[in-house]
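[1] Quick check, what structure comes out for this input:
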Amino acid sequence: MAERNWVPAGIDTSVPSPARVYDYWLGGGHNFEADRQLAEQILKIMPDLRSATQLNRSFLRRAVLHMVDNGVRQFLDIGSGIPTVGNLHEIVQRADPSCRVVYVDRDPVAVAHSQMLLHGNPNAEVIQTDLRDVEGVLDAPETKRLIDFSQPVGLTMLLLLHFVPDEWDPVGLIAQYRERLAPGSYFAVSHVSGDANATGLDEAVEAYKRTQNAPIIRSHHEVLRFFEGFELVDPGLVGCAFWRPDGVGDVTDKQEINNLPFAGVGRKP
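    You can find the predicted model right below:
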């Protein structure tokens, strides 16, 4: 099959991947039968989940354009997943072609396709490593080439941290990244909400365990801890749809979906 041309050797395509499930929900073409089956199974439980992923994508656009408007020209996107329409580098480079972007993901399929997509773009790179490898992320040759940590950086972790268990100490990991950021840097997070009272969420989480990356549902208070050391930008940590909506598609008519991913942006003083 033609799709296999971009699959790295040794990848078990029979095991679903969160990145590829998300790609399917967004209408992307880089997913396999196992991913599609799981995605459809979860949609039967939560039919509006596809809308929630689209709201998250809209939040990405608004958050990074806010950063560009406030002088940020370099971005580090950790847990970037498989590139689909509306990638971070497309958004910010459309606003200012000088913007530089480093994508980070541990999924080899996501990285392989990102490398194909970014070929010929001197201001965007992708590296394959884990969030926990802070030095491996911040000191990678690709990062050093594109990012000057003496200047403000836009750091994003969207729909990532709910796959990070407490035993990994996500608050401590974020603090390590924050320490390397210059004042005036920004940090954007979206995270599945335990406070949205979304119908079917617990059942969907159980189904997601097939991916070997079961989501951890956290409360507003628990997600707020990720912003320690940052000053929250108005309107704070809110339902994804309510973070500065500015157009059609940013908000749905279903309140529980608008609030399903929390979203917020912080600024390092």
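[2] quick one: the helices in the chain?
    Per DSSP state H, the chain carries helices over the ranges 18-25, 33-45, 49-69, 88-95, 108-118, 134-138, 141-146, 170-180, 201-208, 220-224, 255-258.
[3] tell me the contacts of the residue sitting nearest the centre point of the chain?
    Centroid-nearest residue in the chain, with Cα atoms, centre = their mean: Leu158, separated by 2.7 Å. Leu158 sits next to 56, 59-60, 77, 79, 188-190 when contact means Cβ atoms under 8 Å, 6 or more residues apart in numbering. Quick note: C-beta positions are derived from backbone N, CA and C, even for glycine.
[4] where does the stretch 151-269 of the chain dip in pLDDT?
    For the stretch 151-269 of the chain, the stretches flagged by pLDDT under 70 are 211-212.
[5] Okay, Ser150 and Gln74: tell me how far apart.
    Ser150 sits 11 Å away from Gln74, going by Cβ to Cβ, to the nearest Å.
[6] In terms of neighbours, single out the busier of the two.
    Between Ser150 and Gln74, Gln74 has the larger neighbour count (other Cβ atoms under 10 Å), namely 23 against 7.
[7] which residues touch the more buried one?
    Contacts of Gln74 by Cβ under 8 Å, 6+ apart are 99-101, 146-148, 151-154.
[8] Among those residues, which lie within strands?
    Under the assignment DSSP state E, these contribute 100-101, 154 to strands.
[9] quick one: which of those has the most company?
    Neighbour counts for these (other Cβ under 10 Å) peak at Val101, which has 28 neighbours.
[10] In CSV, list the contacts of Leu158 along with neighbour count and distance to Ile217.
    Output for these, formatted as CSV (neighbours: other Cβ atoms under 10 Å; distance: Cβ to Cβ, whole Å):
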residue, neighbour count, distance to Ile217
Asn56, 22, 16
Phe59, 27, 18
Leu60, 22, 21
Asp77, 25, 23
Gly79, 22, 17
Ala188, 25, 20
Val189, 27, 15
Ser190, 28, 14
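[11] Farthest-apart pair in the residues you listed, please.
    The span of those, defined through Cβ to Cβ, is set by Phe59 and Gly79 at 14.4 Å.
[12] The closest residue to Phe230 other than its chain neighbours and Cys240, how far apart?
    Distances taken as Cβ to Cβ, 6 or more residues apart in numbering place Gly266 nearest to Phe230, at 2.8 Å, with adjacent residues excluded. Counting by Cβ to Cβ, the gap from Gly266 to Cys240 is 15 Å.
[13] of the two, who's got more company?
    Neighbours were counted for Gly266 and for Cys240 using other Cβ under 10 Å; Cys240 has more, 33 against 23.
[14] Run through the residues that contact Asp148.
    Taking Cβ under 8 Å, 6+ apart, one finds Gln74 in contact with Asp148.
[15] no, scratch that, I was asking about Val68
    If a contact means Cβ under 8 Å, 6+ apart, then Val68 has 92, 95-96, 99 as its contacts.
[16] Mind checking which of those are buried?
    Buried members of those, counted by 16 or more other Cβ atoms under 10 Å: 92, 99.
[17] export the contacts of Val68 to TSV and tack on pLDDT?
    Below are the contacts of Val68 laid out as TSV (pLDDT from 0 to 100):
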residue	pLDDT
Val92	98
Ala95	98
Asp96	98
Cys99	98
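[18] Serialize the contacts of Val68 to a markdown table and add fields for distance to Asp133.
    As requested, those are exported to a markdown table (distance: Cβ to Cβ, whole Å):
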| residue | distance to Asp133 |
| --- | --- |
| Val92 | 25 |
| Ala95 | 30 |
| Asp96 | 30 |
| Cys99 | 25 |
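[19] Understood, closing this out.
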